[in-house]
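Engineer: Requesting a structural model of the entry that follows:
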Amino acid sequence: MESLRIPLSGAQIMEDDVDAVVRALKSGRIAMGPEIRGFEEGLAAVAGVRHAVACSSGTAALHVMLLALGVGPGDVVLTTPFSFVASSNVILMTGAVPVFVDIDPGTLGPSPEALRQTIAALRRGALRFPSGEPVAPDRLKALLLVDVFGLPAPWDAYEALAQEEGLLLLEDSCEALGSRAFGRACGSFGRAGAFAFYPNKQITTGEGGAVVTDDDEIAALCRSLVNQGRDDSGAWLAHVRLGYNYRISELTAALGRSQLSRLPAILERRREVAARYGALLGNVKGLVLPSPPSWCDLPSWFVYVVQLPEDVRRDEVLRLLSLRGVENRAYFTPIPLQPFYAERFGYRRGHFPEMDRVCARVVALPFFTDLSAEEQTYVAQSLQDVLRLA
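Structural biologist: Numbers count the residues shown, from 1 in each chain. The predicted structure is shown next:
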C-alpha cells in the first residue's frame with residue numbers, strides 16, 4: 001500500500017459547528033450568555049445530573065471541583081499514577097498531597113483492594129513517600145479516580161469503599177464523555193465529576209471543560225470559583241471568595257453545543273473504529289488490545305492504546321511507525337516519574353511495579369472519529385511489519 005501520513009488524533013469539525021460559532025459571534029453576546037447555559041444543560045443531561053458548570057479546561061474543572069469540596073492544604077488524596085498529569089497536579093494546586101496507588105493491569109486504575117490496603121497503611125502511620133517524608137495519617141480526605149481512555153472504572157466498588165471509609169469520591173471523567181456503566185453515566189459516580197473538550201476528545205471546544213454534579217452547593221461554589229469568586233447577586237465587582245478566571249466564551253460554548261448534538265453518532269462512529277482495530281489486530285501474538293470491562297454498558301472511546309508484546313523494544317516500534325507516517329505516542333508517561341514528582345517525592349522506577357510494566361509497553365495508535373478504514377488498514381499492517389523488526 002502506498003505510504004500514508006496518519007495523525008494521532010483529529011477533531012471532527014462540520015459545517016453545523018462553523019455555523020453555530022458564526023451565529024454566536026454575530027449575536028453581539030460573546031461572553032457569559034445563552035450559549036454557555038445551553039451547553040451546560042446539555043452536558044448535565046448527558047451525565048444524568050442536575051448541574052454542569054462549564055469552564056476553560058478539564059484541568060480547571062478538576063481544580064475547582066476539589067476546592068468546592070473543601071480539599072486544601074495538608075489534606076491527602078489517593079489517586080492513580082497512570083493518567084494525564086493534570087489529575088494529580090490539581091491536588092497539589094489546592095495545597096493537598098497526592099498519594100499514588102499502583103494500578104490493576106486489567107482496568108489500568110487502582111483496584112479497590114489496593115486502595116483499601118493503602119488506606120489501612122496510612123491510618124496506622126506506616127505510609128511514607130520514597131523521600132522519607134511521612135504521610136499524615138489523619139488527613140486522608142478523598143479518592144480522585146479516573147475513567148482511563150474513556151472506559152469506566154469499577155465505580156460500584158469505589159463508591160462502597162468511599163462510603164465505608166468516610167471519604168469524598170471524585171471522578172475524573174475527562175476522557176469518558178458519554179460512557180456508561182452500572183446503568184449510569186460516567187461523571188455521575190462521585191460527589192462531582194469532570195469532563196474535558198480538548199481537540200483529541202470525543203467532542204471539542206478547542207479548550208474547555210466542565211464540572212458535573214447533583215449537589216446544589218458544589219455547583220454554586222464552582223460557578224463562583226470559575227468566575228473570579230463572584231457571588232450570584234449579579235454585582236460585577238462583588239467578590240466573596242478567592243476565585244479564578246476559568247470562564248469559557250459564548251463562541252466556545254456554541255461549538256460545544258453543536259458538537260454535543262452529534263454525540264450519539266460520534267460515539268457510534270468511534271466504536272466502529274475501535275471494533276475495526278480489534279478485527280485487524282486481534283490475532284497478533286502477544287499484543288494486548290483495549291477492551292471495555294464487563295460492567296461497561298456503553299463505551300466512549302477516547303484513544304486506542306495497545307500493549308506491545310513483552311519481547312519487543314517499544315521505542316524502536318515508535319520510531320519505525322513514525323518513519324512509516326503513522327503518528328503514535330507512549331501513552332501515558334508515569335506521573336510519579338515526571339521530573340517534578342520524582343524530585344519532590346523521591347519516586348523512582350520500581351515503586352509502582354504494575355504501572356511500570358504497563359507503561360513500558362503502551363502505544364497509542366491513530367484514533368479519531370473520521371479515521372478511515374483504509375487508514376486503519378495501513379496502521380495495522382505497519383504495526384505488524386514493525387513488530388517483526390523490533
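
Engineer: Going by C-alpha atoms from here, please, whenever you check contacts or count neighbours.
Structural biologist: Fine.

Engineer: Which of the three states applies to residue 119?
Structural biologist: Three-state call for residue 119 (DSSP: H, G, I helix; E, B strand; the rest coil): helix.

Engineer: Tell me who's in contact with it.
Structural biologist: By Cα atoms under 8 Å, 6 or more residues apart in numbering, no residues touch residue 119.

Engineer: one more time with 10 Å
Structural biologist: 78, 101, 113, 125, 127, 137, 140, 165 (Cα atoms under 10 Å, 6 or more residues apart in numbering).

Engineer: Let me know whether the last one touches residue 116 as I believe.
Structural biologist: Just to be clear, that refers to residue 165. Yes - with contacts counted by Cα atoms under 10 Å, residue 165 reaches residue 116, the gap being 8.9 Å.

Engineer: Neighbour count for these two, which is higher?
Structural biologist: More crowded of residue 165 and residue 116, by other Cα atoms under 10 Å: residue 116, with 17 against 14.

Engineer: still on that earlier bit, make CSV out of the contacts of residue 119 and add pLDDT and secondary structure.
Structural biologist: Shown next, in CSV, are the contacts of residue 119 (pLDDT from 0 to 100; DSSP: H, G, I helix; E, B strand; the rest coil):
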residue, pLDDT, secondary structure
78, 98, strand
101, 98, coil
113, 97, helix
125, 94, coil
127, 96, coil
137, 94, coil
140, 98, strand
165, 97, helix
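
Engineer: And the buried ones among those residues, selectable in ChimeraX?
Structural biologist: Only the buried entries of the contacts of residue 119 go into this ChimeraX selection, using 16 or more other Cα atoms under 10 Å:
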select :78,101,127,137,140
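
Engineer: these two touch, right, residue 383 and residue 281?
Structural biologist: Yes - taking Cα under 10 Å as the definition, residue 383 is a contact partner of residue 281 at 8.9 Å.

Engineer: which residues do the two both contact?
Structural biologist: residue 377.

Engineer: roughly how far is the longest helix along the chain from the heart of the chain?
Structural biologist: Counting by DSSP state H, the longest helix found in the chain is helix 263-281. Helix 263-281 sits 19 Å away from the centroid of its parent chain (Cα atoms, centre = their mean, to the nearest Å).

Engineer: same check, this time on stretch 244-260
Structural biologist: Remark: stretch 244-260 is offset 19 Å from the chain centroid, using Cα atoms, centre = their mean.

Engineer: same thing with stretch 240-260?
Structural biologist: On Cα atoms, centre = their mean, the centre of stretch 240-260 falls 18 Å from that of its chain.

Engineer: what about that stretch, start to end distance?
Structural biologist: 33 Å (Cα to Cα, to the nearest Å).

Engineer: tell me which residues of it are tucked away?
Structural biologist: Applying 16+ other Cα under 10 Å to stretch 240-260 flags 243, 246-260 as buried.

Engineer: Check stretch 371-384 too.
Structural biologist: Neighbour counts over stretch 371-384 (16+ other Cα under 10 Å) mark 371, 375, 376, 377, 378, 379, 380, 382, 383, 384 as buried.

Engineer: For that stretch, output the C-alpha coordinates as PDB.
Structural biologist: Extracted C-alpha coordinates of stretch 371-384, given in PDB (Å, rounded to 0.1, in the frame of the first residue of the first chain):
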ATOM      1  CA  LEU A 371     -10.300   7.700  10.700                       C
ATOM      2  CA  SER A 372     -11.000   5.800   7.500                       C
ATOM      3  CA  ALA A 373     -10.900   2.000   7.000                       C
ATOM      4  CA  GLU A 374      -8.000   2.500   4.500                       C
ATOM      5  CA  GLU A 375      -6.000   4.400   7.100                       C
ATOM      6  CA  GLN A 376      -6.700   1.800   9.800                       C
ATOM      7  CA  THR A 377      -5.600  -1.000   7.500                       C
ATOM      8  CA  TYR A 378      -2.400   0.900   6.800                       C
ATOM      9  CA  VAL A 379      -1.800   1.400  10.600                       C
ATOM     10  CA  ALA A 380      -2.500  -2.200  11.400                       C
ATOM     11  CA  GLN A 381      -0.300  -3.500   8.600                       C
ATOM     12  CA  SER A 382       2.500  -1.100   9.600                       C
ATOM     13  CA  LEU A 383       2.400  -2.200  13.200                       C
ATOM     14  CA  GLN A 384       2.600  -5.900  12.300                       C
END
